[in-house]
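Peer 1: Need the 3D shape of this:
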Amino acid sequence: MTRHRRPTQPAAMRFWFEPTAPDNLGLCRIVFYGLLLWLTWNIGHHAEWASVSPALWMPMSITRLLRIPLLSTQALQIVGGAFLISVFLSAIGFGTRLSTIVAFVTGAYLFWVPNNFGKINHSSAILIFALGILAVSLCGDAYSVDRLIWRRAGQSHSPEYLWPVRLIQVLMTLVFFGAGVSKLRHSGLDWIFSDNLGTLFIMHHYLKNPPTNLGLYLAQYPLLYQTAALSTVLMETLSPLALFSRRARLLIIPGLLLFQLGNYFIIGVSFMKFMPCYMFWVPWESLVARLRHMSASVKRVPDQRS
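Peer 2: I've put the predicted structure just below:
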């Protein structure tokens, strides 16, 4: 008798659509929207863009194509309030489908507005994509108020719970990979082995007024800032490896996080809006399982003594 082997899924299908429990996506939703709410609590200040002189209005090509208008100050305040409310509801998972859609639409508009005044803020673009991905996902099937109220439980395992996390991870690595390639393409190895980064540290210290003097200190030692430059380019260009290798992920993702935090403390350039997207690299489900196991072990100890 010949045995029939079960057909194995292609590697690409396993990467994107391997059936998984809804817990990790649900926990990602809570932490992502919770951190986003904290970071954007003062987003009402975006309403001040409506009072800027029209002479400085330089709409992007997509703005002209879609004919997106700049709302009044009062309208921007309303949009900002709707965004904060929808982000909070998304975090707790109440009316998750509607709240995530509202968070995406209002957030995309609010993050888009400042980019039409001559300076594009690249760190907010990844947030818009992440909000859009979660808006069309089933991120409310676990750890949500919806599940408690409607007694609605998601499927035990489904491919719908993996692809949103994977897609945000892929977008992040593409952003970093593009930055690393751009450095090598336009400056070559001079970006690493010249005084480029040291000069950048000094210049930004006086232009951006960072919270520390680390930039001036590092600029005195070429070996330090050239090593930092080499590490940055290596982590950025090799960032796609984090998608497929657990060992690479444990090195590259924390390294990129420290690099972006270092940008603020050394040169005063903030990537704080990028921070919520790092939450999709944390294995929340595994951490919760370990905490439950530790809690159960602690409870068993008194029983054994008694």
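Peer 1: What count of nearby residues applies to residue 90?
Peer 2: Residues contacting residue 90 under the criterion other C-beta atoms under 10 Å number 32. For the C-beta atoms, the positions are set from N, CA and C on the backbone; glycine is no exception.
Peer 1: Work out for me the element it sits within.
Peer 2: For residue 90, the enclosing helix or strand under DSSP states H and E is helix 73-92.
Peer 1: name the helices or strands packed onto that helix?
Peer 2: helix 23-39, helix 96-112 (3 or more C-beta pairs under 8 Å, 6 or more residues apart in numbering; DSSP states H and E).
Peer 1: Between the ones you listed, which one is closest to residue 244.
Peer 2: Closest to residue 244 of those is helix 23-39 (C-beta to C-beta; 18.0 Å).
Peer 1: If we go by neighbour counts, what in that closest one is buried?
Peer 2: By neighbour count with 16 or more other C-beta atoms under 10 Å, helix 23-39 contains the buried residues 23-37, 39.
Peer 1: Equivalent analysis for stretch 83-100, please.
Peer 2: By neighbour count on 16+ other C-beta under 10 Å, the buried set for stretch 83-100 is 83-84, 86-96, 99-100.
Peer 1: Need the residues that contact that stretch.
Peer 2: 26, 29-30, 33-34, 36-37, 40-41, 43, 102-103, 106-107, 110, 131, 134-135, 137, 139-140, 143-147 (C-beta atoms under 8 Å, 6 or more residues apart in numbering).
Peer 1: just the buried members of those?
Peer 2: Buried, going by 16+ other C-beta under 10 Å: 26, 29-30, 33-34, 36-37, 40, 43, 102-103, 106-107, 110, 131, 134-135, 137, 139-140, 143-144, 146-147, out of these.
Peer 1: Can you get me a residue count around the closest residue to residue 21 other than its chain neighbours?
Peer 2: Distances taken as C-beta to C-beta, 6 or more residues apart in numbering place residue 157 nearest to residue 21, at 5.8 Å, with adjacent residues excluded. Neighbours of residue 157 under the rule other C-beta under 10 Å: 13.
Peer 1: same check, this time on residue 119
Peer 2: Neighbour count of residue 119, defined by other C-beta under 10 Å: 8.
Peer 1: Give me the pLDDT for it.
Peer 2: For residue 119, the model assigns a pLDDT of 79.
Peer 1: Over to residue 179?
Peer 2: 94.
Peer 1: ranges for the helices of the stretch 101-250 of the chain?
Peer 2: For the stretch 101-250 of the chain, applying DSSP state H, counting those that start in this stretch gives helices covering 125-135, 145-149, 163-187, 190-193, 196-208, 214-218, 222-237, 246-267.
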